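K.L.:
Task: produce atomic coordinates for the following.
(one chain, ligands or ions: 2)
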Amino acid sequence: MLKENLGEYVTARKKELKAVIMAHYYQPAEIQEIADFVGDSLQLARQAAESSFEVIICCGVRFMAESAKILSPDKLVILPYPDAGCPMADMANASELRKKKEQYPDAVVISYVNTSAEVKAESDICCTSSNAIEVVRSIPDGKEIIFVPDKNLGQYIQAQTGRKMIMWGGYCPVHDRLTAEDISQQRSLHPQALIVVHPECRPEITEMADAVRSTAGLLEYVKGSQAREFILGTEAGFVHTLNKHCPDKQIYLAYNEFICPDMKFINLENLALSLENLETQIEVEPRVSLKARQALDRMLKIS
Ligand code: 13P
Ligand code: SF4
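P.N.:
Ligands and ions are numbered 1, 2, ... in the order given. Below is the predicted model:
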């Protein structure tokens, strides 16, 4: 099929299948443009839970597609590129988490959605970067909390809530790579710009930022701000989103290669192919899915 016709094919085939295409803000521009819905992790989970479509095409990484399947078990959930994963999610596994729970038997386990279905099944409640503070505040004072896997997000929540948590050692290699020197360099080039970052960045970065938000939160912040220039501390795909919604504002990426390779695996070609062949279908073992769903449902009730 010719590249020019791929878009038309995707649109026609999606109608035929009664499918919806959901994409994360870090997806390539061509995927964001063809998607029916673009959002952050929480918005994608909500859309999946409420969707009336029979097929959900999840343009993101595996944990997002798994969450969609757990929340909509009767739907066909397709991840167009099966190896699109999340290195941070791979830093926690269910057996290590079970050991941690044995060490702290009274602790509540909060898992970031960037985890496998098995880890979610071992958790009491999930959170995303946009509701983590509310989720932590929902746990009664005095209860111990195990927070898995992102140590940077965990430290940011700790600073915001004053709540000590038992931390896992995971991190996002893409956000963790951003240094204070990178920010200082950008600042000297663009002294008027505000610094807006994702909470997966290191504490030294979140401390120097003007705003720390999930991707959807950053979009609202930039839209509503009087400032014209922003130094962006999150993944490059989000520059497309901001340029589209805020064409009058100038966005500078905090470091040159701020790219999550896993988020860039999906393109128009493999999206078209996945619609043609209905591959790759995401399955979650029913016993794991039921337990993981409880943790996700508890989160969705909070925010
Ligand atoms: P959001 O919760 O902002 O969508 O972030 C997800 C993610 O993977 C960030 O690296
Ligand atoms: Fe995972 Fe980081 Fe990529 Fe998000 S940006 S999917 S946390 S590796």
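K.L.:
got the residues of the stretch 101-250 of the chain near ligand 2?
P.N.:
114, 172, 174-175, 200, 235 (Cβ under 6 Å from any ligand atom). (Each C-beta comes from the backbone N, C-alpha and C, glycine too.)
K.L.:
same thing but at 8 Å, please
P.N.:
By Cβ under 8 Å from any ligand atom, the part of the stretch 101-250 of the chain that sits against ligand 2 consists of 114, 150, 172-175, 200, 235.
K.L.:
And stretch 66-78, end to end?
P.N.:
10 Å (Cα to Cα, to the nearest Å).
K.L.:
how distant is that stretch from the center of its chain?
P.N.:
Distance, stretch centre to chain centre, for stretch 66-78: 16 Å (Cα atoms, centre = their mean, to the nearest Å).
K.L.:
Pull out the buried positions in that stretch.
P.N.:
For stretch 66-78, a neighbour-count test (16 or more other Cβ atoms under 10 Å) marks 66-72, 75-78 as buried.
K.L.:
sorry, back to before: of the residues of the stretch 101-250 of the chain next to ligand 2, which is the nearest to ligand 2?
P.N.:
Distance to ligand 2 across those (Cβ to the nearest ligand atom) is lowest for Cys172, with 3.3 Å.
K.L.:
Could you report the pLDDT at that closest one?
P.N.:
Here the pLDDT value assigned to Cys172 is 98.
K.L.:
and what of Glu4?
P.N.:
On the pLDDT scale, Glu4 gets 70.
K.L.:
Quick one: list the elements packing against the helix or strand encompassing it.
P.N.:
In this assignment (DSSP states H and E), Glu4 forms part of helix 3-17. Applying 3 or more Cβ pairs under 8 Å, 6 or more residues apart in numbering; DSSP states H and E, we find helix 3-17 packed against strand 19-24, helix 29-34, helix 268-277.
K.L.:
what's the next helix or strand after the last one packed up against?
P.N.:
Later in the chain than helix 268-277, the nearest helix or strand by DSSP H and E is helix 286-302. Helix 286-302 makes packing contacts with helix 41-50, helix 62-71, helix 117-121, strand 125-127, helix 132-137 when contacts are defined by 3+ Cβ pairs under 8 Å, 6+ apart.
K.L.:
Ile282: which of these is closest?
P.N.:
Each of these was scored for nearness to Ile282 using Cβ to Cβ, and the closest is helix 62-71 (4.6 Å).
K.L.:
one step back: deepest-packed of the helices and strands packed on helix 3-17, please.
P.N.:
Highest mean neighbour count among the helices and strands packed on helix 3-17 (mean count of other Cβ atoms under 10 Å): strand 19-24, with a mean of 24.
K.L.:
what mean pLDDT does that one have?
P.N.:
98.
K.L.:
what about His190, how many neighbours?
P.N.:
15 (other Cβ atoms under 10 Å).
K.L.:
picking that back up, between the helices and strands packed on helix 3-17, which one is closest to His245.
P.N.:
Nearest of the helices and strands packed on helix 3-17 (Cβ to Cβ): helix 29-34, 11.1 Å.
K.L.:
Of the residues of the stretch 101-250 of the chain next to ligand 2 - the most surrounded one?
P.N.:
Neighbour max across these (other Cβ under 10 Å) = Asp150, 31 neighbours.
K.L.:
Done for today, thanks.
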